[in-house]
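Asker: with the input below, show me the fold.
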Amino acid sequence: MLNIISKCLLFKGVSGPKKGIENFIKGLDILGYPYVINKGLDSCQRLYIHDDTFALSKIHLLPPNIKVIVGPCLYNLARDIPKELDISRAVYLQPSEWSKQCFLDFGFNKCKLDFWPMGIDTNSFKSSKEKKDIILVYFK
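Answerer: Residues are numbered from 1 along each chain as shown. Purely as a prediction, here's the structure:
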């Protein structure tokens, strides 16, 4: 079971981070993967901190058997992460290879870093057989 910590899910408005986490949850539902939202940090053996920097600051207190992934909606740049913050036990996710490389280029070394593109609702955005003369390519 995965414990998802996300502040943006508590608000009614629409935002990119909120859409991303909502679509991530849709994916978990499709896979039948069990999850809880905003429970205690130690309530499951797998923890995903999406956007809550306060929760992030507490992961060093968790038992070592809890696996932690964090990001990408925590800090914009590697230099924004407080120097005293211990996230060495986490895997920090970035939304693309480019943003992962950007963090590395600016000296990020606080924990393992990986990329994980997510957030597209493929049921809403299905491919079409219709021939089009104009194509938009969005490369993130």
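Asker: rounded mean pLDDT for stretch 32-50, please.
Answerer: Across stretch 32-50, the average pLDDT comes to 97.
Asker: measure it end to end?
Answerer: End-to-end distance of stretch 32-50: 20 Å, with Cα to Cα, to the nearest Å as the criterion.
Asker: flag every buried residue along it.
Answerer: Buried residues in stretch 32-50, counting neighbours by 16 or more other Cβ atoms under 10 Å, are found at Y35, L41, C44, L47, Y48, I49, H50. Every C-beta, even on glycine, is put in place using the N, C-alpha and C of the backbone.
Asker: could you pull out the strands for the protein?
Answerer: Ranges of strands in the chain, per DSSP state E, are 2-5, 35-37, 46-49, 67-70, 90-94, 112-115.
Asker: who wins for proximity to G16 among those strands?
Answerer: Ranking the strands of the chain by proximity to G16 (Cβ to Cβ) places strand 90-94 first, at 14.2 Å.
Asker: elements contacting the closest one?
Answerer: When contacts are defined as 3 or more Cβ pairs under 8 Å, 6 or more residues apart in numbering; DSSP states H and E, strand 90-94 sits against strand 67-70, helix 97-105, strand 112-115.
Asker: mind listing what's buried in the worst-scoring helix or strand of the chain on mean pLDDT?
Answerer: Using mean pLDDT, DSSP states H and E, helix 16-31 stands out as the lowest-scoring helix or strand of the chain, at a mean of 90. Neighbour-count burial for helix 16-31 flags P17, K18, G20, I21, E22, N23, F24, I25 (criterion: 16+ other Cβ under 10 Å).
Asker: then stretch 94-107?
Answerer: Q94, P95, S99, K100, F103.
Asker: just the buried residues of helix 16-31 now: which is nearest L77?
Answerer: Ranked by distance to L77 (Cβ to Cβ), these are led by P17 at 16.0 Å.
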